[in-house]
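[1] take this sequence and fold it.
(one chain, ligands or ions: 1)
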Amino acid sequence: MKLGYRIYPSKRYVSQEIINAYHEIPTSIVSDCMERLFAMDSKIRPFHPKPRMVGHALTIHCPPGDNLVLQKAIEMAEPGDVLVMNAGGNTTQAPVGEIVVSNCIRKGAVGLVIDGPIRDSDVLPTLSIPVFAKGVTHRGCYKDGPGELNVTIACGGVVVRPGDLIIGDSDGIVVVPYEEAEGLLPKLFKKAELEERVLEQIRNKTIDRTWVDQELRDKGFRL
Ligand SMILES: O=C([O-])CC(=O)C(=O)O
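    Presented below is the predicted three-dimensional model:
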């Protein structure tokens, strides 16, 4: 297929059980458990009061200032998809507003992530799915193309492939490679339990903090 005009179906979906399990875990823990290498740019922020989101990536690659193939992506979207769009990092034209998000809701998508801005910023927080984006502008996009769907993209400094797991909350977005989604779960739950134990020890004042001085000494500090 001709570069710049590739449109592929996505056939990779993790199970609903895996999606449900990720709903229990904050992005901070997922990110820590992947060595903090899969975090999207923190400039991509939620524009929604309840931004918790877990779904499989439907990837979109549009030229800056254009959203023609995003319109096609909406019609290809399956329930549970997160539409993830490389908009070229352009923050002067918004590919996504109330009409796009309402159409995504019609298709059962669970969220959108754009390395560009939104518009209709008063309305988007009132809709039923979150949008993560880099800012706001009233200026809209053209619909001329070209563009690509379900190809490997970069978004917010992370590689995203069709079907990768996209997890979002108030802290931002983390991407779990499709092949790792199930295998990572035990590590995530173990870390979540560990953090809960530490917080309990802080609350009941039994926390052991001797490791701080030990770590400093190991690094050559003279205390
Ligand atoms: O359709 C578009 O170009 C984006 C937009 O304005 C909307 O979603 O409301």
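
[2] list the buried residues in the helix or strand harbouring Val159.
    Secondary structure from DSSP states H and E places Val159 in strand 158-160. Residues of strand 158-160 classed as buried: Val158, Val160 (neighbour count, 16 or more other CB atoms under 10 Å). C-beta coordinates here come from the backbone N, C-alpha and C atoms, glycine included.

[3] partners of the next helix or strand after that strand in the sheet?
    Per DSSP H and E, strand 158-160 leads on to strand 165-169 as the next helix or strand towards the C-terminus. According to DSSP bridges, strand 165-169 forms sheet pairs with strand 53-61 (antiparallel), strand 172-176 (antiparallel).

[4] looking at those strands, spot the one closest to Leu216.
    strand 172-176 (30.2 Å; CB to CB).

[5] contacts for that closest one, please.
    Identification of contacts with strand 172-176 by CB atoms under 8 Å, 6 or more residues apart in numbering yields 22, 27, 30-31, 34, 38-40, 42, 44-46, 57, 113, 132, 156, 158-160, 164-168, 184.

[6] quick revisit: looking at the strands paired with strand 165-169, which is closest to Leu149?
    Nearest to Leu149, of those and by CB to CB, is strand 53-61 at 5.9 Å.

[7] okay, helices next: where are they in the protein?
    16-23, 27-33, 68-76, 98-107, 185-203, 210-218 (DSSP state H).

[8] how about these in CSV, adding mean pLDDT?
    Formatted as CSV, these follow (pLDDT from 0 to 100):
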stretch, mean pLDDT
helix 16-23, 98
helix 27-33, 98
helix 68-76, 98
helix 98-107, 98
helix 185-203, 98
helix 210-218, 98
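
[9] compile the ones you listed into TSV and extend it with columns for distance to Lys50 and mean neighbour count.
    Output for the helices of the chain, formatted as TSV (distance: least, CB to CB, whole Å; neighbours: other CB atoms under 10 Å):
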stretch	distance to Lys50	mean neighbour count
helix 16-23	12	15
helix 27-33	14	20
helix 68-76	22	19
helix 98-107	14	18
helix 185-203	20	13
helix 210-218	36	10
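
[10] mind checking which of those helices is nearest the ligand?
    Nearest to the ligand, of all the helices of the chain, is helix 98-107, at 3.3 Å by CB to the nearest ligand atom.

[11] could you check the angle that closest one makes with helix 68-76?
    Between helix 98-107 and helix 68-76, the angle comes out at 30 degrees (axes from the mean of the first three to the mean of the last three CA atoms, to 10 degrees).

[12] isn't Asp41 right next to Ala133, touching?
    No - in this structure Asp41 lies outside contact range of Ala133 using CB atoms under 8 Å: 11.2 Å.

[13] so these two - more neighbours on which side?
    Counted by other CB atoms under 10 Å, Asp41 and Ala133 do not tie: Ala133 has more neighbours, with 27 against 15.

[14] start to end distance for stretch 126-141?
    22 Å (CA to CA, to the nearest Å).

[15] is the ligand within reach of it?
    Yes - counting by CB under 6 Å from any ligand atom, the ligand is contacted by stretch 126-141 at Gly140, Cys141.

[16] residues of that stretch that come out buried?
    Result for stretch 126-141 [16+ other CB under 10 Å]: buried residues Leu127, Ile129, Pro130, Val131, Phe132, Ala133, Lys134, Gly135, Thr137, Cys141.
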